[in-house]
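Colleague: give me the fold of what follows.
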Amino acid sequence: MSHPGERGRALAVSLLQHSAQWQAAQARAQRLAAGRTADAADATQLAQDYRTLAYDLARARALLPDSRTREYLERTYAQAHATLYRGAWHPLDSLLRLLREQLPRAVRWLLPYLAWSTTIFVLSALAGYALVRHYPELIALFASPELIASVEHGRLWTEGLLNVVPSAVLSVQILTNNIVVSLFAYCAGFLFGLGTLYILGLNGLMLGAVFAFTAQHALARPLLEFIVAHGCVELSVMCLSGAAGAAVGEALIRPGSQGRMESFRRAAARSGTVLFACTLLLIGAGLIEGYVSPDPRFSFTARIAIGAGYWLVMVLLLSGRLWPRQRQAARRIIE
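Modeller: Predicted coordinates:
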């Protein structure tokens, strides 16, 4: 009759003989997890590997509890488990979930910051308007000499824009500029929110000052006609980007009990969802500004309708109501 110790060593040796199967199972799990294979046979074999690994892991815990073999089997078993039970990734469903669920939550979280950023921008615009209205020479602080000369000669700098630059090229230039400004407003908020105050204040002052200056030369109405189609969403997105940056800045200033790094990570993840929506909205605003705003064939009423309609689309998008849940649920039931 064999000694219990000898029997245990024999069982351990027989267990170690399965090492080649473990390595094959680990490689198979890595291929499937990384999406480097779509072979159904691999997936079927991994299910068999999973059962084998579970059995061998139980034996290793009993026979070799303090060994590297047990640690290796635990890692391989955990990887196989995660690969087998990982849900399927559907890009369209993930995008809809982001726009329908994650985006509205992030926007609700940003509402207090959005209220403050909008207030700062509006007050700055009013201040810029009042300054230039009472002291016209201050327009030199906010506008280029070319713009000032154009307005003083009775014409907007936007007139004849389509004759100089094609709409497609103009849209790309405007889109690039808008995205850069929005990203700058967001990143500036990382400076403990002070950068957001600067960006929103400066842009508000410039807008109010230019309107006051054009009003003195009877050009405020044409300027409004040019801006109204794209400006409603464009200015809203700038305030929203500034609010997102301010939220991240506050996470750095007041991290709370979770720590500064974790607070920053969570705030950046939430605000990143909002920035994605802002980019989508700016694409539409760039197209409108390139094709509609400089085109004299569009009446003032049409421009107001386009601007208000696109702003309503923005509100529906940010609230998650652009794709109602009931409609999506009904579609899944039918399928």
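
Colleague: run through the stretch 151-300 of the chain and note the low-pLDDT ranges.
Modeller: Within the stretch 151-300 of the chain, the segments meeting pLDDT under 70 span 159-175, 192-193.

Colleague: try 50 this time
Modeller: 162-165 (pLDDT under 50).

Colleague: again with the stretch 1-150 of the chain
Modeller: Within the stretch 1-150 of the chain, the set of residues satisfying pLDDT under 50 comprises 1-4.

Colleague: now residue 143, what's its secondary structure?
Modeller: Secondary structure assignment for residue 143 (DSSP: H, G, I helix; E, B strand; the rest coil): coil.

Colleague: quick one: contacts for it?
Modeller: With contacts defined as Cβ atoms under 8 Å, 6 or more residues apart in numbering, residue 143 is in contact with 206, 209-210, 213. All C-beta spots, glycine's among them, are computed from the backbone N, C-alpha and C.

Colleague: hmm, try it at 6 Å
Modeller: When contacts are counted by Cβ atoms under 6 Å, 6 or more residues apart in numbering, residue 143 is found next to no other residue.

Colleague: residue 218 too?
Modeller: By Cβ under 6 Å, 6+ apart, no residues touch residue 218.

Colleague: check which helix or strand it maps to.
Modeller: Under the criterion DSSP states H and E, no helix or strand holds residue 218.

Colleague: need the three-state assignment for residue 294.
Modeller: Remark: residue 294 carries the secondary structure label coil [criterion: three-state DSSP].

Colleague: and it, how many neighbours does it have?
Modeller: The local packing of residue 294 (other Cβ atoms under 10 Å) involves 19 other residues.

Colleague: can you pull out the helices in the stretch 1-150 of the chain?
Modeller: Secondary structure of the stretch 1-150 of the chain (DSSP state H, counting those that start in this stretch): helices at 4-16, 19-34, 40-63, 68-84, 91-97, 103-134, 145-152.

Colleague: what packs against the longest one?
Modeller: The reference is to helix 103-134. Contacts of helix 103-134 with other secondary structure elements, assessed using 3 or more Cβ pairs under 6 Å, 6 or more residues apart in numbering; DSSP states H and E, are made with helix 194-216, helix 220-253, helix 260-291.

Colleague: what's the closest of these to residue 186?
Modeller: The closest approach between residue 186 and any of the helices and strands packed on helix 103-134, judged by Cβ to Cβ, belongs to helix 220-253 at 4.1 Å.

Colleague: which strands or helices does that closest one pack on?
Modeller: Helices and strands touching helix 220-253, as assessed by 3+ Cβ pairs under 6 Å, 6+ apart, comprise helix 103-134, helix 167-188, helix 194-216, helix 260-291, helix 300-319.

Colleague: between that helix and helix 145-152, how many degrees?
Modeller: What separates the directions of helix 220-253 and helix 145-152 is an angle of 140 degrees, with axes from the mean of the first three to the mean of the last three Cα atoms, to 10 degrees.

Colleague: in helix 220-253, what's buried?
Modeller: Neighbour counts over helix 220-253 (16 or more other Cβ atoms under 10 Å) mark 223-252 as buried.

Colleague: what do you get for stretch 92-107?
Modeller: By neighbour count, and taking 16+ other Cβ under 10 Å as the criterion, the buried residues in stretch 92-107 are 96, 99-100, 102-104, 106-107.

Colleague: can you check stretch 258-269 too?
Modeller: Under the neighbour-count rule (16+ other Cβ under 10 Å), stretch 258-269 has 263-264, 267-268 buried.

Colleague: so this protein: which segments form each domain?
Modeller: For the chain, whose domains are defined here by automatic domain parsing, the residue ranges read 4-84, 91-327.

Colleague: single out the most deeply packed of those domains.
Modeller: Neighbour counts averaged per stretch over those are highest for domain 91-327, at a mean of 18; criterion: mean count of other Cβ atoms under 10 Å.

Colleague: which outside residues touch stretch 124-137?
Modeller: 138-139, 201, 204-205, 207-209, 211-213.

Colleague: identify the farthest-apart pair in these.
Modeller: The distance between the two most remote of the contacts of stretch 124-137 (Cβ to Cβ) is 18.4 Å, for 201 and 213.

Colleague: circling back: nearest to residue 186, out of the helices of the stretch 1-150 of the chain?
Modeller: Evaluated with Cβ to Cβ, these place helix 103-134 nearest to residue 186, the distance being 11.0 Å.
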